[in-house]
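Undergrad: the sequence and its predicted three-dimensional model are supplied below.
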Amino acid sequence: MSWQHSTNLVRVGTLALPLAGLLALVGLLANFNVPDPRVDPEGAAQVLSTTGYFVTQFVGNVLGSTLLIFGVIALTAYLANTSVKGLTLGAMLLSIAGIALVLSVSGVAAYALPVISRAYLDGQQDIIDLGDQEGARGIVVAILGSPAREIFVVVFFLYSAGFVLFGVAVWRSGVLRKGTAIPLALHAPLLSSFIRPDPNWGSILGALLFILGSGLIASGVLRGPALGEAGTGEERSS
């Protein structure tokens, strides 16, 4: 496979980063339409049981996280020939570990909650006490039990550490503009605040920062040197 062909694949792959951010934003915004189950359990069940909710959670959580893995791998491949290849590899391992853990539980929101909510509306109120849970994420925790709480905490640290390291790697790479590293690194602890039961504006801000940072990075990769030349380019200023 030629360098040019490999470069084209990597450049296309980095476009998965901002696209994953857009899909994640769709999933996050959809949770704001869910009434508080503690106040209106029936209204929450009606929203959670709809096809629209399933689509937004599948697109935002499952498809978005899957695309993010491909984008992370593409960015790692682009920086592999630079002086920060070791830092980039560590960032990739940490971030993919966090994303994989998200995928392990995101199917609950996409597949289980609609079924449980339909059963609730059909009169099986004892299937899960929606009134005692704090939003869709709280119901996920109730279904999976205590391990889910620990998983979300681990996800927070893995995802945050991975993308903060990616920000440092981009800053020091010399082949991408330093300014693109700032929103990429800052978004991580904000977006991973999804471990909180209720949807919050911090996670929305994190998604927007990720879309901005990853979009600028993808643009830089598209206009930047080929893979074989990535380690010899002059450092770009912000």
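TA: Looks like it came in fine. No experiment lies behind these values; they were computed from the predicted model shown.
Undergrad: and the pLDDT at residue 30?
TA: Looking at residue 30, its pLDDT reads 85.
Undergrad: touching, it and residue 58? I think so.
TA: No. Under the criterion of CB atoms under 8 Å, residue 30 makes no contact with residue 58, lying 10.6 Å away. Yep, even glycine has a C-beta here, placed from its N, CA and C like the rest.
Undergrad: which one's more surrounded, the two?
TA: Per other CB atoms under 10 Å, whichever of residue 30 and residue 58 has more neighbours is residue 30, with 22 against 18.
Undergrad: residues in contact with the more buried one?
TA: 52, 53, 56, 57, 60 (CB atoms under 8 Å, 6 or more residues apart in numbering).
Undergrad: and the last one, what's its pLDDT?
TA: You'll see residue 60 listed with a pLDDT of 88.
Undergrad: what of the second one?
TA: According to the predicted model, the pLDDT of residue 53 comes to 88.
Undergrad: so it is in which element?
TA: helix 51-57 (DSSP states H and E).
Undergrad: that helix: how far from the chain's middle?
TA: 17 Å (CA atoms, centre = their mean, to the nearest Å).
Undergrad: give me the most central residue, the chain.
TA: In the chain, the C-alpha nearest the mean C-alpha coordinate belongs to residue 65, at 5.4 Å (CA atoms, centre = their mean).
Undergrad: buried stuff in the helix holding residue 53?
TA: 53, 54, 56, 57 (16 or more other CB atoms under 10 Å).
Undergrad: identify the residues contacting that helix?
TA: By CB under 8 Å, 6+ apart, helix 51-57 touches 26, 27, 29, 30, 34, 47, 106, 109, 110, 111, 113, 114.
Undergrad: farthest pair in those?
TA: 29 and 111 (20.0 Å; CB to CB).
Undergrad: confirm for me that residue 98 is in contact with residue 164.
TA: No. Using CB under 8 Å, residue 98 is not in contact with residue 164, being 11.6 Å away.
Undergrad: those two - which one has more neighbours?
TA: A count of neighbours by other CB under 10 Å puts residue 98 above the other of residue 98 and residue 164, at 24 against 20.
Undergrad: give me the element the more buried one is part of.
TA: Per DSSP H and E, residue 98 falls inside helix 85-107.
Undergrad: dump the C-alpha coordinates for that helix into PDB.
TA: Output in PDB follows, covering the C-alpha atoms of helix 85-107 (Å, rounded to 0.1, in the frame of the first residue of the first chain):
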ATOM      1  CA  LYS A  85       4.400   8.900  18.900                       C
ATOM      2  CA  GLY A  86       4.900   7.400  22.400                       C
ATOM      3  CA  LEU A  87       2.600   9.900  24.000                       C
ATOM      4  CA  THR A  88       0.100   9.400  21.200                       C
ATOM      5  CA  LEU A  89       0.100   5.600  21.700                       C
ATOM      6  CA  GLY A  90      -0.600   6.100  25.400                       C
ATOM      7  CA  ALA A  91      -3.400   8.500  24.600                       C
ATOM      8  CA  MET A  92      -5.000   6.000  22.200                       C
ATOM      9  CA  LEU A  93      -4.900   3.200  24.600                       C
ATOM     10  CA  LEU A  94      -6.400   5.200  27.500                       C
ATOM     11  CA  SER A  95      -9.100   6.800  25.300                       C
ATOM     12  CA  ILE A  96     -10.200   3.600  23.600                       C
ATOM     13  CA  ALA A  97     -10.300   1.800  26.900                       C
ATOM     14  CA  GLY A  98     -12.700   4.500  28.100                       C
ATOM     15  CA  ILE A  99     -14.800   4.400  25.000                       C
ATOM     16  CA  ALA A 100     -15.000   0.600  25.100                       C
ATOM     17  CA  LEU A 101     -16.400   0.700  28.600                       C
ATOM     18  CA  VAL A 102     -19.000   3.300  27.500                       C
ATOM     19  CA  LEU A 103     -20.000   0.900  24.700                       C
ATOM     20  CA  SER A 104     -20.400  -1.900  27.300                       C
ATOM     21  CA  VAL A 105     -23.300   0.000  29.000                       C
ATOM     22  CA  SER A 106     -24.600   2.200  26.200                       C
ATOM     23  CA  GLY A 107     -26.700  -0.600  24.800                       C
END
